[in-house]
Every structure is written in C-alpha cells, then in structure tokens.
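**Student:** Would you be able to build a 3D model of this:
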Amino acid sequence: MGGADDGGRLGAGELGQGLGGRATLVQFSSAFCAPCRATRRILAEVAAMVPGVAHIEIDAEQRLELVRALGILKTPTVLVLDAEGRIVRRATGQPRKADVIAALGAAV
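**Tutor:** Predicted structure coming up:
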C-alpha cells in the first residue's frame, strides 16, 4: 500500500460511523467499479481477523465534497487511519490482503 500521508484527521462526522479502536480501513467505491467489490471483501476479511479494526465503505459519488477534500481520483481508494483518525497509508486499486495487513502495522 502507499506511503504515509500527512493529511488531517477523519472522524465519525466525515465517515458516517465511528472509528475502529485500533485502526480503520476506509474504502472509497463507486457503483460500476468491479475491483471495488473484491476490495470490499478483502477489507472486511482483514477487519474481521484483526481485533479493533473497522472497515468503512464510502460511495464516492454520494460524498463528492469528501472525495475532493482528500484528493481521491480513482476507485477503489483505501485509506488506513490510526486510532485517532489520522491517515497513515493510502493506496488506489485492489489491494492484496497481505499488503493491507502490513499497512495496518503503521496504524496500530
């Protein structure tokens, strides 16, 4: 997954639900994005495996203001947030499960 991002913090107000206790996987998707479905499955599996990790999927077309604020250009885009809501990693495209687990190491 991508390198560190010095962006601000995200919380329940922006994401529509609370953060995970240790980390949060935020996925930006769109309706006709085939890799988004596979990414949803991978992130849900990782969140179920790792205690304290939440997975939040956001419809990019419904949340254009947040997409613009974060500079999201493609779907799927995955942000890894630490417990405080800081973006510690970001990646575009369908991730591999091993890469998601490794990226969580930067957040927890």
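**Student:** Can you show me the helices along this protein?
**Tutor:** Assigned by DSSP state H, the chain shows helices spanning 12-15, 34-49, 64-70, 97-104.
**Student:** Now render those helices as TSV, adding mean pLDDT.
**Tutor:** Output for those, formatted as TSV (pLDDT from 0 to 100):
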stretch	mean pLDDT
helix 12-15	92
helix 34-49	97
helix 64-70	96
helix 97-104	94
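**Student:** What is the burial count for residue 48?
**Tutor:** Applying other CB atoms under 10 Å, we find 10 residues neighbouring residue 48. (Glycine included, C-beta is placed from N, CA and C.)
**Student:** Look up how far residue 41 lies from it.
**Tutor:** 11 Å (CB to CB, to the nearest Å).
**Student:** Next: residue 15.
**Tutor:** In this view, residue 15 and residue 41 are 20 Å apart by CB to CB.
**Student:** which of those two has more neighbours?
**Tutor:** Shown here are residue 15 and residue 41; by other CB under 10 Å, residue 15 has more neighbours (20 against 12).
**Student:** For residue 9, give me its contacts.
**Tutor:** Residue 9 makes contacts with 84, 85, 86, as judged by CB atoms under 8 Å, 6 or more residues apart in numbering.
**Student:** For those residues, which PyMOL command selects only the ones that are buried?
**Tutor:** Provided next is the PyMOL selection string for whichever of the contacts of residue 9 are buried by 16 or more other CB atoms under 10 Å:
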select buried, resi 85+86
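**Student:** closest to residue 24 among the contacts of residue 9?
**Tutor:** residue 85 (7.4 Å; CB to CB).
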